[in-house]
Structure formats: C-alpha cells, structure tokens
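Q: Pasted the sequence and its predicted model underneath.
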Amino acid sequence: MNSSRNFGMKILATSVITLIGTSAMADDIHTALSDATAWADLNLRYESVEQDNALEDASALTLRTRLGFSSGSVNGFSFTAEVEDSRIVLGQDEFTVGPTGFNVGEYSVIADPETTEVDQAFIQYKADNFTAKVGRQVITLDDHRFVGHVGWRQDRQTFDAVSAKYAASENLSLFYSYLYKRNRIFAEAADLDAKDHILHATYTSKIGKFVGYAYLLEIDSDTDNALDTYGVSYDGKTKGENVNWAYGAEFATQSSSSGAGETAMDFDASYLNAYLAASFSGVTAKVDYEILGSDDGQYGFSTPLATLHKFNGWTDQFLGTPAQGLKDLKFSLSGGLAGGKWLLAYHDFTADDSSNGVDDLGSEINVQYTKKFAGKYNFGIKYGTYDAGDIKVDANRFWMWVGTRF
C-alpha cells in the first residue's frame with residue numbers, strides 16, 4: 001500500500017511540475033506575442049539612366065515592400081523576422097541587372113532585380129549593456145563607408161552573422177561580428193559565402209568621437225584571398241555665435257592578397273578623408289576631400305561592404321575603385337525649403353596614381369530634394385550628371401520616389 005501511495009505521490013508531483021513548467025512557457029509565449037511589434041515599409045521608385053555609349057537608355061518603375069515582426073523580450077531573448085519583395089510596376093522594365101541575367105547587354109544598369117527573400121531573421125539577446133544577435137541581420141557602422149546596408153537599392157544588403165555589442169562605459173562602445181554570408185543587392189545571384197571579422201570601437205569625449213576599426217575580410221572560396229583594413233577616425237563639432245562648425249578626419253591602411261605560389265598577387269593601399277562644414281542661417285556648406293589610394297597604378301583601395309552609392313557621386317561611376325586610385329574633392333550646400341530638405345553637390349575626380357594615360361577621372365553634379373508629408377509618407381527627387389574624363393562616358397541618372405512605413 002505504501003509503495004502504491006509513494007508512486008501516486010510521485011506521479012502527482014511530476015504532474016504539478018509539468019503544469020508549472022507548461023504554465024511558465026505559456027506565460028513566456030504570451031509575453032513574446034503581446035509585446036510584439038509588426039511593420040510594413042513600402043517604396044515606389046522611378047529611375048532612368050542615360051549613358052553616352054551603345055547601350056539603350058534605361059528606365060525602371062519598381063515597388064519594394066518589407067514586412068517585419070519583432071517579438072517581445074523573454075528573459076532577454078527576442079526574435080525578429082522580415083521579408084522583402086521587389087516588383088516591376090506597369091511593365092516598366094527597360095533596364096539591365098547583369099548578375100541575375102536580366103536583359104543583359106541591352107540597357108544601362110539599374111540594380112533593382114525582382115526578388116522575394118528573407119531580409120532579416122535573427123535571435124537577439126539583450127541584457128544591461130550587452131546585445132548579441134545570431135542570424136540574418138542589418139549591420140551598419142559609422143557613415144557606411146566600410147560597412148553598410150546599401151539601403152538606397154530596393155534589395156538592400158544584409159549579412160548572415162553572429163554579432164555582439166558591449167557598452168563598456170558611458171563613453172566606450174565595442175562591437176564585433178563574424179559574417180559568414182554577404183547577402184548582396186542582386187537577389188541571390190551574387191551572394192557570397194564569407195569568413196569576415198568586423199571589429200569596431202567608439203570612444204566619445206568632450207572634444208569629439210574617436211573610432212578605431214579592423215575589417216578582416218575573406219571570401220569563402222577555393223582561392224586563397226584576404227582583404228585586411230585597419231583604420232582610425234575623428235569627428236568633432238564646435239558651436240559659434242553665428243556659425244556652427246563640424247570637422248573630421250579618417251585614415252586607413254589596406255592589404256589585399258589573392259592566389260598562391262606563382263599566381264599570388266599582393267597589394268597595399270591607404271585611405272584618407274578630411275572634411276570641414278559650416279552651418280549658418282539654415283544652410284550648411286561643406287568641403288570634403290577623400291583619397292582611395294593606389295598601389296603603383298595596379299590596385300585601388302576597396303570597400304566591398306560599403307553603401308557605395310552614398311559616396312563618389314550618385315551616378316555610380318566608382319562602385320569599384322580604379323587601379324589608379326581615386327581622389328574626390330567634393331563641395332556641397334544643403335538646407336531647408338518648403339518643409340523639406342535640399343542638397344547640391346559638386347565632385348571633382350582625379351587619379352591618385354596617374355598611369356597609362358589616366359589622370360582626369362571627370363566631374364559630377366548631384367541635386368536632391370526630399371520631404372515628409374501626411375505624417376508617415378516621404379517623397380524625393382534627385383538627379384546626377386557625370387562628365388567623363390580620361391575613362392568612362394558621360395552619364396545622367398534621375399530618380400523620383402514616394403514611400404511610407406507603418
């Protein structure tokens with residue numbers, strides 16, 4: 001009888017524990033769902049391209065849609081998922097996307113392929129000053145010059161990665177990520193398996209922000225390769241009685257290697273950027289000088305993870321740095337107008353290491369106006385015109401878009 005009673009008590013205790021565990025799990029699921037957020041992000045854009053070459057002029061009307069979900073946090077853990085879709089609208093498809101095989105060789109390039117894919121899907125753990133993510137995620141650092149999401153394109157860049165951020169103090173922030181896949185902007189046609197290490201440290205002081213970084217990149221392929229970049233930057237601001245000043249500088253060194261034995265190729269190049277901006281009476285005037293150095297005219301400094309459209313002119317002439325390198329002297333004015341923002345910029349391009357008759361790399365003018373309206377909508381129009389130098393051809397690009405997020 002006692003043994004039967006003990007067995008019954010054990011069954012009862014096990015049942016109670018199971019119910020408690022089930023109840024706790026149910027509470028966790030309820031918390032994760034009740035505290036969840038969802039969103040939709042849409043962008044309808046028209047883009048046209050004219051180039052002085054044998055290719056037909058290009059035009060595209062595309063709609064990009066992102067639908068996302070983030071759970072609430074349970075014991076520091078949460079989950080985020082986002083799906084991205086890009087579609088051609090009204091049959092406006094006279095453009096080329098080379099890597100996907102779309103209209104190859106017919107039109108100028110507009111890099112917005114039709115695609116439906118998982119844009120983000122990661123588990124996050126957050127506790128106090130520490131945050132970690134595992135899975136497909138957006139990673140951007142500083143001004144996107146070295147690591148960005150290429151968000152201008154309809155299919156933005158994300159990374160399959162493990163990342164961690166730690167706020168060591170009120171002033172010091174540390175970031176590390178291991179990227180094992182680069183999900184690039186050409187649907188899945190040009191994604192790359194990788195073994196990339198991203199290290200980044202930021203220190204904020206009374207005189208400005210200091211950054212140090214190391215980007216150790218490797219494409220996971222059968223060919224030996226490495227692209228290692230080490231750099232530092234400084235950004236500061238000073239408020240005056242009538243003029244506010246912003247200034248900064250950045251320097252980096254890079255080594256590139258590929259192949260082995262007799263086919264091995266090794267190059268070294270450096271990067272330099274300095275800027276000065278003055279804001280007064282609602283207008284900001286800025287001068288920016290950037291050098292992507294060359295190794296004796298054989299190799300140009302490379303930033304393959306960057307949001308490249310943001311730099312060196314909007315007509316995208318220098319998404320890949322010429323072997324002669326690139327010097328970009330940029331003058332810009334920006335301000336407000338009719339509740340929106342305007343920008344005017346001029347670029348003068350020259351080679352860092354003149355060789356093989358290449359020195360003048362042309363010039364470019366960029367104009368943009370953006371405005372938010374009706375609370376959650378945004379509108380933009382921009383234009384870029386490139387005047388060729390010793391290489392490339394004259395080119396014009398025009399964009400108009402409307403978007404919303406809710």
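A: Great, that's in hand. Numbering: from 1, shown residues only.
Q: For residue 234, name its beta-bridge partners.
A: Per DSSP bridges, residues listed as beta-bridge partners of residue 234: residue 210, residue 249.
Q: List the contacts of stretch 43-50.
A: 57-64, 89, 92, 95, 107-110, 112, 154, 395-403 (C-beta atoms under 8 Å, 6 or more residues apart in numbering). Quick note: C-beta positions are derived from backbone N, CA and C, even for glycine.
Q: Also stretch 228-236?
A: Stretch 228-236 has contacts (C-beta under 8 Å, 6+ apart) with 142, 146, 207-217, 246-256, 271, 273, 303.
Q: Can you give me the buried ones in it?
A: By neighbour count with 16 or more other C-beta atoms under 10 Å, stretch 228-236 contains the buried residues 229, 231, 233, 235.
Q: how close does the third one get to residue 393?
A: As for residue 233, its distance to residue 393 is 34 Å (criterion: C-beta to C-beta, to the nearest Å).
Q: Over to the first one?
A: Residue 229 sits 31 Å away from residue 393, going by C-beta to C-beta.
Q: Any of the contacts of stretch 43-50 buried? List them.
A: Applying 16+ other C-beta under 10 Å to the contacts of stretch 43-50 flags 58-64, 95, 107-110, 112, 154, 395, 397, 399, 401, 403 as buried.
Q: Skip ahead from the helix or strand residue 30 falls within and say which helix or strand is next.
A: Using DSSP states H and E, residue 30 falls within helix 2-34. Once helix 2-34 ends, the next helix or strand along the chain (criterion: DSSP H and E) is strand 37-51.
Q: Using CSV, write down the CA coordinates of that following strand.
A: Taking C-alpha atoms only, strand 37-51 is exported to CSV below (Å, rounded to 0.1, in the frame of the first residue of the first chain):
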residue,chain,number,x,y,z
THR,A,37,5.6,44.8,-33.0
ALA,A,38,5.0,44.5,-36.7
TRP,A,39,5.6,46.8,-39.6
ALA,A,40,5.4,47.4,-43.3
ASP,A,41,7.8,49.5,-45.3
LEU,A,42,7.0,50.4,-49.0
ASN,A,43,9.0,52.3,-51.5
LEU,A,44,7.8,53.1,-55.1
ARG,A,45,10.5,54.5,-57.3
TYR,A,46,11.1,55.6,-60.8
GLU,A,47,14.7,55.6,-62.1
SER,A,48,16.2,56.5,-65.5
VAL,A,49,19.7,56.3,-66.9
GLU,A,50,21.3,57.8,-70.0
GLN,A,51,24.9,56.9,-71.0
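Q: So for it, what gets flagged as buried?
A: 41, 42, 43, 44, 45, 46, 47, 48, 49, 50, 51.
Q: That one pairs with which strands?
A: strand 58-70 (antiparallel), strand 395-405 (antiparallel).
Q: In the chain, which strand is the longest?
A: Scanning the chain for the strand with the most residues, using DSSP state E, yields strand 77-94.
Q: Any regions of the protein where pLDDT drops low?
A: Within the chain, the stretches with pLDDT under 70 are 1-26.
Q: If we use 80, what do you get?
A: Counting by pLDDT under 80, the chain shows low-confidence ranges at 1-32.
Q: which residues are in contact with stretch 29-38?
A: Contacts for stretch 29-38 (C-beta under 8 Å, 6+ apart): 67, 68, 69, 70, 71, 72, 73, 74, 78, 79.
Q: try stretch 142-154
A: 43, 45, 62, 64, 86, 111-112, 138-141, 156-158, 184-185, 198, 211, 213, 215, 229, 231, 233, 250, 252, 273, 303, 305-311.
Q: what comes up buried for it?
A: Neighbour count says stretch 142-154 has 142-154 buried, by 16+ other C-beta under 10 Å.
Q: roughly how far out does that stretch sit from the chain middle?
A: Taking C-alpha atoms, centre = their mean, to the nearest Å, one finds stretch 142-154 lying 2 Å from the centre of the chain it belongs to.
Q: Please apply the same query to stretch 253-273.
A: For stretch 253-273, the distance to the chain centre is 24 Å (C-alpha atoms, centre = their mean).
Q: Compute the first-to-last residue distance for stretch 259-271.
A: 24 Å (C-alpha to C-alpha, to the nearest Å).
Q: do stretch 302-315 as well
A: Using C-alpha to C-alpha, one end of stretch 302-315 lies 18 Å from the other.
Q: Any buried residues in it, and which?
A: Here stretch 302-315 shows 302-309, 311-315 as buried, counting by 16+ other C-beta under 10 Å.
Q: any chance of those in CSV, with distance to residue 322 and secondary structure too?
A: Putting these into CSV (distance: C-beta to C-beta, whole Å; DSSP: H, G, I helix; E, B strand; the rest coil) gives the following:
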residue, distance to residue 322, secondary structure
302, 11, coil
303, 14, coil
304, 15, coil
305, 19, coil
306, 16, coil
307, 20, coil
308, 14, helix
309, 17, helix
311, 14, coil
312, 11, coil
313, 13, coil
314, 18, coil
315, 15, coil
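Q: Any idea what residue 87 is bridged to?
A: Assigned bridge partners for residue 87, using DSSP bridges, are residue 63.
Q: Shouldn't residue 99 be within a strand?
A: No: using DSSP: H, G, I helix; E, B strand; the rest coil, the assignment for residue 99 is helix, not a strand.
Q: Assess the claim that it and residue 192 are in contact.
A: No: look at residue 99 against residue 192 with C-beta atoms under 8 Å: they stay out of range, at 11.2 Å.
Q: the more surrounded of the two?
A: residue 99 (17 against 14; other C-beta atoms under 10 Å).
Q: measure the more buried one to residue 157 for me?
A: Per C-beta to C-beta, residue 99 is found 13 Å from residue 157.
Q: Now do residue 64 against residue 47, distance only.
A: Counting by C-beta to C-beta - residue 64 and residue 47 are separated by 12 Å.
Q: Identify the contacts common to those two.
A: With C-beta under 8 Å, 6+ apart as the test, residue 64 and residue 47 both reach residue 112.
Q: residues contacting residue 56?
A: So, once contact is read as C-beta under 8 Å, 6+ apart, residue 56 ends up touching 94, 106, 107, 108.
Q: which residues does it form a beta bridge with?
A: Beta-bridge pairing for residue 56 (DSSP bridges): residue 107.
Q: Go through stretch 241-249 and flag the buried ones.
A: Buried residues in stretch 241-249, counted by 16+ other C-beta under 10 Å: 246, 247, 248.
Q: err, stretch 77-92, not the other one
A: Quick answer for stretch 77-92 (16+ other C-beta under 10 Å): 77, 78, 79, 80, 81, 82, 84, 85, 86, 88.
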